[in-house]
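Q: fold the following.
(one chain, ligands or ions: 2)
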Amino acid sequence: MGKGFFQVPTAINEPVKSYAPGSPEREEVLKQYEAYYNGKVDVPLYIGSEEIKTGNTRPISPPHEHKHIVGHYHLAEKKHVEQAISNCLEARKAWADLTWEQRAAIFLKAAELIAGPYRAKMNASTMLAQSKNIYQAEIDSACEIVDFLRFNVEYMSQIYSEQPESSEGVWNRVEYRPLEGFVYAITPFNFTAIAGNLPASAAMMGNVVVWKPSDSQVFSAKVIVDVFKEAGLPDGVINVIYGDPVMISDTLLASPDFAGIHFTGSTHVFKELWKQIGNNIHTYKTYPRIVGETGGKDFIIAHPTAKPQQVATAITRGAFEFQGQKCSAASRVYLPKSTANEILDLVKADVASFNKPGTPADMSNFITAVIHEGSFDKLAKYIDQAKADKDAEIIVGGGYDKSVGYFVEPTVILTTNPKYETMYTELFGPVVTVYIYEDKDWSKTLELVDGTSEYGLTGAVLAKDRYAIDEATRALQNAAGNFYINDKPTGAVVGQQPFGGARASGTNDKAGSMQNLLRWVSPRLIKETFVTPENYRYPFLG
Ligand SMILES: NC(=O)c1ccc[n+]([C@@H]2O[C@H](COP(=O)([O-])OP(=O)(O)OC[C@H]3O[C@@H](n4cnc5c(N)ncnc54)[C@H](O)[C@@H]3O)[C@@H](O)[C@H]2O)c1
Ligand SMILES: N[C@@H](CCC=O)C(=O)O
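A: Residues are numbered from 1 along each chain as shown. Ligands and ions are numbered 1, 2, ... in the order given. Sure thing, here's the model as predicted:
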């Protein structure tokens, strides 16, 4: 604490800009996109004060034009991972002792840099290398990351002000120490905001971090590093490395100073990391914090009283925005027989109104490419399987083509089998599976929704009937950590809908909330007694 009880600026959500034709923001982001498209970015490792170019590089290519190379990034060897550990432990000495308002100021400055001078760079790099259309980039790499930074500063100050009672003659106080060691942040490709938030939230609370971004998000990760540097984040607080994830994890998780993991990605990877941490538990100085937000098989269930147009819009946006590559994306849908045909016709009309999947540089494209060849091949396999299976049929889309970019058409599979494989397996693409239930089986269908998949991330119920809404809210209480009534299951906003799920979807520490920040501190209670006893006897012993 400095010399005052400081109040932080009240956090407000960053407004989403329109990018309407002729708007200055549209012109600026397209110009930046063009510059990145024609340039050659060279992304080093960031370790301590050094920017290391190992010479062992991988190309960066837009998913919508995979033969075009827009730069390279350098891969770490084991010695670089070890160097990252020692550098961040060195940086910890000053960072952990810096007064909290100085840390807060750095991240508030980063938020304003992203909201202003870096906005076009954040968006253009996310459009180019993660293939987001401008709207999807704006809500992620501009607004959501700004919101994470602003709201987390507010939550941090609330945490610090949470103090115990003190009885007469005693002063009890709690200090929220950073963890003793370093935090390992591992981030996914699909949200630039998550990539920035995972290392930043731990660092904000006084921790030092080794951050491993996804290979498919390195370009926008570099822009985040540029922002943090300009905001004045001291060297060594967040060290950034890329390369073989197994070697990197083996090295970091073997360190006695490993104090916590902040992960977002697939369930399988997180479970393997958890196992590895368990196997190494005797080597650590402290029990590591394990925070992971993972996969989903998110549902929409419509009641017969739901308005067909509203259900169709929830499906179109919930399942197909950013090509279904949101952990929250609707990927299994339950429709009542009485309105199913009308709803599906409306979805078909929506999809028919999209352009063919294409580049985000053409702002009229709603659908762009999926992230990489591995994802494309997986989706193509499930689409082909659905074409072949007797209990499934493709009623929308079903086409795919990787000759130029990894393009998969928005696809609707209709199944007669509520336990069909794509009703429980996460595909992570623009493919949604629909099951039609008899109207009278509403309550049984809620049981199906609850019991079909191992995940519990997001879900939505659409209904007019309040008894049905109430029944669904209770029956599905463990099926989703973010539950939406009469809305799509995507698009959580920091400060409004803290995000995360349980079951196989994660530890549900709610990104962008006080709960999450509490995982990155280890409270120390200090009791100070002003008149210290000098006699051991109880009063009744005289
Ligand atoms: N619940 C959430 O909040 C949330 C948010 C975003 C994404 N996700 C999930 O993330 C997944 C999509 O993202 P992705 O494709 O980047 O996930 P992924 O699991 O393939 O990769 C995530 C990160 O883990 C790293 N990784 C991969 N193998 C590893 C290993 N053996 N050891 C250490 N690190 C390893 C990757 O390099 C990447 O940095 C989906 O399952 C999605 O549901 C969840
Ligand atoms: N927070 C985002 C999802 C993040 C996962 O990919 C949403 O609510 O749509």
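
Q: please count neighbours and contacts with C-alpha atoms only from this point.
A: Fine.

Q: where in this structure is pLDDT low?
A: Within the chain, the ranges that satisfy pLDDT under 70 run 1, 542.

Q: how about the residues of it by ligand 2?
A: 326-328, 490-492, 499 (C-alpha under 6 Å from any ligand atom).

Q: which one of the residues you listed sits closest to V434?
A: Nearest to V434 among the residues of the chain next to ligand 2 is S328, at 16.6 Å by C-alpha to C-alpha.

Q: quick one: the residue in the stretch 1-150 of the chain that ligand 1 sits nearest to from ligand 2, how far?
A: Residue of the stretch 1-150 of the chain nearest ligand 1, by C-alpha to the nearest ligand atom: Q130 (10.9 Å). Plainly put, Q130 is 13 Å away from ligand 2 if you go by C-alpha to the nearest ligand atom, to the nearest Å.

Q: which of the residues of the chain next to ligand 2 are buried? Put it as a PyMOL command.
A: Buried members of the residues of the chain next to ligand 2, defined by 16 or more other C-alpha atoms under 10 Å, are picked up in PyMOL with:
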select buried, resi 326+327+328+490+491+499
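
Q: can I get the residues of the chain next to ligand 2 in CSV with secondary structure?
A: Formatted as CSV, the residues of the chain next to ligand 2 follow (DSSP: H, G, I helix; E, B strand; the rest coil):
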residue, secondary structure
K326, coil
C327, coil
S328, coil
T490, coil
G491, coil
A492, coil
F499, strand
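
Q: phi, psi of the residue of the stretch 1-150 of the chain closest to ligand 1?
A: Phi and psi for Q130, reported as degrees, to the nearest 10, are phi -120, psi 0.

Q: with just CA atoms, put whichever strand or helix holds R474 into PDB.
A: Element membership of R474 [criterion: DSSP states H and E] is helix 466-475. Coordinates of each C-alpha in helix 466-475 appear next as PDB, following Å, rounded to 0.1, in the frame of the first residue of the first chain:
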ATOM      1  CA  ARG A 466     -42.500 -19.500 -16.800                       C
ATOM      2  CA  TYR A 467     -43.100 -22.900 -15.300                       C
ATOM      3  CA  ALA A 468     -41.100 -24.500 -18.000                       C
ATOM      4  CA  ILE A 469     -38.300 -21.900 -17.500                       C
ATOM      5  CA  ASP A 470     -38.300 -22.700 -13.800                       C
ATOM      6  CA  GLU A 471     -38.300 -26.400 -14.300                       C
ATOM      7  CA  ALA A 472     -35.400 -26.200 -16.800                       C
ATOM      8  CA  THR A 473     -33.400 -23.900 -14.400                       C
ATOM      9  CA  ARG A 474     -33.700 -26.400 -11.700                       C
ATOM     10  CA  ALA A 475     -33.200 -29.600 -13.800                       C
END
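
Q: who's in contact with it?
A: 303, 446-447, 450, 461-463, 485 (C-alpha atoms under 8 Å, 6 or more residues apart in numbering).

Q: how about a cut-off of 7 Å?
A: The contact list for helix 466-475 (C-alpha atoms under 7 Å, 6 or more residues apart in numbering) reads 446, 463.

Q: for stretch 42-57, same thing?
A: So stretch 42-57 is in contact with 71-76, 84, 87-88, 222, 235-236, 239-241, going by C-alpha under 7 Å, 6+ apart.

Q: quick one: contacts for the spatially closest residue to G48 that is not a sequence neighbour?
A: Residue nearest to G48 in three dimensions, not counting chain neighbours: G236, with 3.8 Å by C-alpha to C-alpha, 6 or more residues apart in numbering. Contacts for G236 (C-alpha under 7 Å, 6+ apart) come out as 47-49, 87-88, 91.

Q: change it to 8 Å
A: For G236, the contacting residues are 47-49, 84, 87-88, 90-91, 208, by C-alpha under 8 Å, 6+ apart.

Q: what ranges do the helices span in the stretch 251-400 of the chain?
A: For the stretch 251-400 of the chain, helices defined by DSSP state H, counting those that start in this stretch occupy the ranges 267-279, 308-320, 337-353, 373-388.

Q: CSV for those helices, including distance to M514 and mean neighbour count?
A: Shown next, in CSV, are the helices of the stretch 251-400 of the chain (distance: least, C-alpha to C-alpha, whole Å; neighbours: other C-alpha atoms under 10 Å):
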stretch, distance to M514, mean neighbour count
helix 267-279, 22, 16
helix 308-320, 27, 24
helix 337-353, 38, 17
helix 373-388, 34, 16
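
Q: between these, which one is nearest to S522?
A: S522 sits nearest to helix 267-279 of all the helices of the stretch 251-400 of the chain, at 19.0 Å, using C-alpha to C-alpha.

Q: and that closest one, what does it pack against?
A: helix 245-253 (3 or more C-alpha pairs under 8 Å, 6 or more residues apart in numbering; DSSP states H and E).

Q: now do the helix it packs on against helix 267-279, angle only.
A: Angle, helix 245-253 to helix 267-279, by axes from the mean of the first three to the mean of the last three C-alpha atoms, to 10 degrees: 30 degrees.

Q: from the residues of the chain next to ligand 2, which is closest to A203?
A: Once C-alpha to C-alpha is applied, the member of the residues of the chain next to ligand 2 that ends up nearest A203 is F499, at 19.9 Å.
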